[in-house]
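Chemist: Turn this into a model:
(one chain, ligands or ions: 1)
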Amino acid sequence: MGHRGAADRLRELSRRLETLKLCGHRYLDAAGAEDLKTWAARHAPSVSAPIEAAAPPPKAPSRRPAAAPSGTKQEQLDAINAEVRVCVKCPLAKGRTNTVFGVGDPAARIMFIGEGPGAEEDRRGEPFVGRAGQLLTDMIEKGMNLRRADVYIANIVKCRPPGNRDPEPVEVESCEPYLKRQIALIQPEVICALGRVAAQTLLKTATPISSLRGEFHAYEGTPLLPTFHPAYLLRNPAMKKEAWNDLKMILRRLGLAVPADKKSP
Ligand code: SF4
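Modeler: Model prediction:
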């Protein structure tokens, strides 16, 4: 029920109770909606449905009953996403078609983070779609034996940098707080930084990705493993083996089965 609907119901209840008062009734023991309905029917036959609908204590309607933890996380992620959709904190807002917030399990153990949306992501409003996205999905599903829906996938900046250029420092600085809030809610056990820009930006370093990958670092206290960006792997398929070694490190870290006999995706 919307606020207007609730207000209408409350006004109707007030009017009905006033009628009962004029009939000589001075107080009412509202022990429950059903009791109230029976009581009202007995004392004022014309008063029925509105009282039943408005019988609960007249307080602001809650949006939903106590939610499961994952639902609560999803609601909070949705709230951040609502902020992102109207965000104009940096120049990237001007050129976007859609903001690209993130997808996946709000309680994911693994979070994949790239640097920013590309053209297809900008068009569809979802991270890692298109060819590179399909390879990431294969890495997750065929390689790690997980479902894409089991992990969480996001980017550092939520709007597409024009021409797929690297995000500028001011853009990262403006947008990173959204990512930090996503991470704080999801609380992944491992972050996998996809590509040079994501790894260097998150780790605040200029060290090449080839030196960063292969070992865990930390981002705001969360273990972070850099690996190659799927788009780079499409251009350099020989490096898929190295990326697969990185993904196996993540599986081991999480105590998950490592499909040792599988080829790199
Ligand atoms: S990139 Fe981030 S900070 Fe910049 S406009 Fe988009 S949502 Fe806002």
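Chemist: by contact count, what packs against whichever strand or helix holds Tyr178?
Modeler: Counting by DSSP states H and E, the element that carries Tyr178 is helix 169-186. In terms of contact count using 3 or more CB pairs under 8 Å, 6 or more residues apart in numbering; DSSP states H and E, helix 169-186 is assigned the packing partners helix 69-85, strand 110-114, strand 152-155. Bear in mind the C-beta positions are built from the backbone N, C-alpha and C, glycine included.
Chemist: can you pull the buried residues of it?
Modeler: Buried residues in helix 169-186, defined by neighbour count with 16 or more other CB atoms under 10 Å: Glu171, Val172, Ser174, Cys175, Tyr178, Leu179, Arg181, Gln182, Ile183, Leu185, Ile186.
Chemist: need these in TSV with pLDDT, can you?
Modeler: Written out in TSV, the entries for the buried residues of helix 169-186 read as follows (pLDDT from 0 to 100):
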residue	pLDDT
Glu171	98
Val172	98
Ser174	98
Cys175	98
Tyr178	98
Leu179	98
Arg181	98
Gln182	98
Ile183	98
Leu185	97
Ile186	98
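Chemist: Can I get the helix holding Tyr178 in CSV? Just the C-alpha atoms.
Modeler: Once side chains and other backbone atoms are set aside, the C-alpha atoms of helix 169-186 remain, and they are given as CSV (Å, rounded to 0.1, in the frame of the first residue of the first chain):
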residue,chain,number,x,y,z
PRO,A,169,41.6,9.9,-11.1
VAL,A,170,38.9,12.4,-10.4
GLU,A,171,36.3,10.0,-11.9
VAL,A,172,37.7,7.1,-9.7
GLU,A,173,37.7,9.4,-6.7
SER,A,174,34.1,10.4,-7.3
CYS,A,175,32.8,6.9,-7.9
GLU,A,176,34.9,4.6,-5.6
PRO,A,177,32.7,5.4,-2.6
TYR,A,178,29.8,3.5,-4.3
LEU,A,179,32.1,0.5,-4.8
LYS,A,180,33.3,0.7,-1.2
ARG,A,181,29.6,0.6,0.0
GLN,A,182,29.0,-2.4,-2.3
ILE,A,183,31.9,-4.2,-0.8
ALA,A,184,31.0,-3.3,2.7
LEU,A,185,27.5,-4.8,2.2
ILE,A,186,28.5,-7.9,0.3
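Chemist: Fine by me, thanks again.
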